[in-house]
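A.B. asks: here is the input, now give the coordinates:
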Amino acid sequence: MERDKRLNTPESEHPARWWSTTADGHLLCELCPRNCSLREGQRGLCFVRQAKDGRMILTTYGRSSGFAIDPIEKKPLHHFYPGSRILSFGTAGCNLNCKFCQNADISKAKDTDRLVVAASPTEIARAAERQGVPAVAYTYNDPIIFAEYAIDTALACRERGIRNVAVTAGYIHPVPRQEFFAVMDAANIDLKSFSDYFYHRLCGGHLQPVLDTLAYVHHETDCWLEITTLIIPGYNDSPQELAALSHWIAKELGSDVPLHFSAFRPAWKMPDTPPTPRQTLSLARKIALDAGLHYVYTGNLHDREGGTTFCPVCHAKLIVRDWYDIHQYNVDLDGHCPDCQNRIAGHFGNRPGKQPSAPG
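C.D. replies: As a prediction, the model looks like this:
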């Protein structure tokens, strides 16, 4: 997959789905709750969906900002074949406008020159197969805004027995949501806060659509779900909010959905906000465990205990992580604790990095 000089030509424009024409002739994007209404030539807030010649197009189909092979724990996914590798890629743009974005050079990009790699869905699937990588991650920016490209790539991967992972904020309407998650084997969805005020003020969105996506994925699909909350000092780190968030997960999704608390680093439009203190993440983890969640992790800082998977029954250390390295692995192929035989929620190989073949 090399730089293609034709990336900015009309051949790279792809018909978009999930839109309609309004009575006044605008094109209404029906992909996400932003519901952008576009005149000819206009782009949505995501920047990559555009009204052109009376139809909506996706301008980033087949165009990536780059590829990397990562540990699955980096997504983060701790209960989906721990220790395995995953081919990661993204495009550009985003349908939220988070002032604290930790990946703003890609997700906030308005310059299509960042899309330097041309790769069709089949080429991506073949690259994963060639590298011996058992899964592909749609990440770096939100794959929801390139859903057509992600879905086609996921289908190409499934034909080769390669699994698919979405890393997303979950800001999507019900119809495309059903089609998108039907081809994903696992997802890490951001729950940025448990406050609609936070979502409105800092992200330009709303909380409820994200809660709806979390509930849908967990209850209505076979897609494995983990959740990440970036803890920002002074904004979403109060014990009351963390307790409310944790209790909602326990009640609405169940105790077995893993929750990751991640440390904020000054970024994008919040360069003066201090980084998250270690003790804040430790407190958040304790609050979530006290709320009844079985698997709570800390990330984006060095915390060996916060990265370890414990048996929720006998509290044995089952998977000990140091950053993304696995130092101890004590679960069998079915995910049982060797000490008490409790079944650990998730998908596991019989050793780190091992995945059984995916169904075609």
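A.B. asks: now the helices for the chain?
C.D. replies: Using DSSP state H, the helices of the chain run over 104-107, 121-131, 147-159, 174-181, 196-198, 208-220, 239-252, 278-290.
A.B. asks: mean confidence score for the second one?
C.D. replies: When the per-residue pLDDT values of helix 121-131 are averaged, the result is 96.
A.B. asks: which strands or helices does it pack on?
C.D. replies: Helix 121-131 is packed against strand 85-90, strand 135-138, helix 147-159, with contacts defined by 3 or more CB pairs under 8 Å, 6 or more residues apart in numbering; DSSP states H and E. (Glycine included, C-beta is placed from N, CA and C.)
A.B. asks: starting at the chain centroid, how far to it?
C.D. replies: 21 Å (CA atoms, centre = their mean, to the nearest Å).
A.B. asks: what's the most buried one of the helices and strands packed on helix 121-131?
C.D. replies: When those are scored by mean count of other CB atoms under 10 Å, the highest mean neighbour count falls to strand 135-138 (a mean of 26).
A.B. asks: give me the contacts around that strand.
C.D. replies: With contact meaning CB atoms under 8 Å, 6 or more residues apart in numbering, strand 135-138 is reached by 70, 72, 75, 81, 84-90, 124-125, 128, 146, 150, 153-154, 157, 162-168, 185-186, 355.
A.B. asks: contact partners for the residue nearest to G292 when sequence neighbours are not counted?
C.D. replies: Nearest residue to G292, sequence neighbours excluded (CB to CB, 6 or more residues apart in numbering): A250, at 4.5 Å. Going by CB under 8 Å, 6+ apart, A250 touches A291, G292, L293.
A.B. asks: can you give me the strands in the stretch 1-150 of the chain?
C.D. replies: Applying DSSP state E, counting those that start in this stretch to the stretch 1-150 of the chain gives strands spanning 14-15, 19-21, 27-29, 37-38, 49-52, 55-58, 63-64, 66-71, 85-90, 117-118, 135-138.
A.B. asks: which of these sits closest to G299?
C.D. replies: strand 66-71 (12.4 Å; CB to CB).
A.B. asks: just how off-centre is that closest one within its chain?
C.D. replies: 14 Å.
A.B. asks: list the contacts of it.
C.D. replies: So strand 66-71 is contacted by 1, 83-90, 116-117, 119, 127, 131, 133, 137, 140, 324 (CB under 8 Å, 6+ apart).
A.B. asks: hmm, try it at 6 Å
C.D. replies: Here strand 66-71 makes contact (CB atoms under 6 Å, 6 or more residues apart in numbering) with R85, I86, L87, S88, F89, Y324.
A.B. asks: ok, Y297 touching S262?
C.D. replies: No: with contacts counted by CB atoms under 6 Å, Y297 stays clear of S262, the gap being 8.9 Å.
A.B. asks: between these two, who's got more neighbours?
C.D. replies: Y297 (25 against 21; other CB atoms under 10 Å).
A.B. asks: now the more buried one: closest residue in space, sequence neighbours ignored.
C.D. replies: In space, Y297 is closest to H260, 4.7 Å off (CB to CB, 6+ apart).
A.B. asks: that neighbour - how many residues pack around it?
C.D. replies: H260, neighbours per other CB under 10 Å, totals 26.
A.B. asks: same question, D325
C.D. replies: 12.
A.B. asks: repeat that for G41.
C.D. replies: With other CB under 10 Å as criterion, G41 counts 9.
A.B. asks: which residues pair with the residue nearest to Y297 across the strands?
C.D. replies: With DSSP bridges as the criterion, H260 is bridged to T228, Y297.
A.B. asks: contacting residues for it?
C.D. replies: Applying CB under 6 Å, 6+ apart, the residues contacting H260 are P76, T228, Y297, G299.
A.B. asks: confidence score at it?
C.D. replies: 98.
A.B. asks: measure it to G306 for me?
C.D. replies: 9 Å (CB to CB, to the nearest Å).
A.B. asks: got the contact list for the spatially most central residue of the chain?
C.D. replies: Geometric centre of the chain, nearest residue: V167, 1.4 Å, by CA atoms, centre = their mean. Applying CB under 6 Å, 6+ apart to V167 gives the contacts K75, T139, N188.
A.B. asks: can you do 7 Å?
C.D. replies: Applying CB atoms under 7 Å, 6 or more residues apart in numbering to V167 gives the contacts K75, A137, Y138, T139, N188.
A.B. asks: so what's it bridging to?
C.D. replies: Where V167 sits in a bridge, its partners, by DSSP bridges, are N188.
A.B. asks: kindly provide the distance from it to G93.
C.D. replies: Applying CB to CB to V167 and G93 gives a distance of 15 Å.
A.B. asks: try P15
C.D. replies: P15 is 18 Å from G93, by CB to CB.
A.B. asks: again, but for A243
C.D. replies: 34 Å.
A.B. asks: please say which of the two ends up with more neighbours.
C.D. replies: The residue with more neighbours, out of A243 and G93, is G93; 27 against 16, by other CB under 10 Å.
A.B. asks: next one: phi and psi at the more buried one?
C.D. replies: Dihedral pair for G93: phi 90, psi 170, per degrees, to the nearest 10.
A.B. asks: that one reaches I145, doesn't it?
C.D. replies: Yes: using CB atoms under 7 Å, G93 is in contact with I145, at 5.5 Å.
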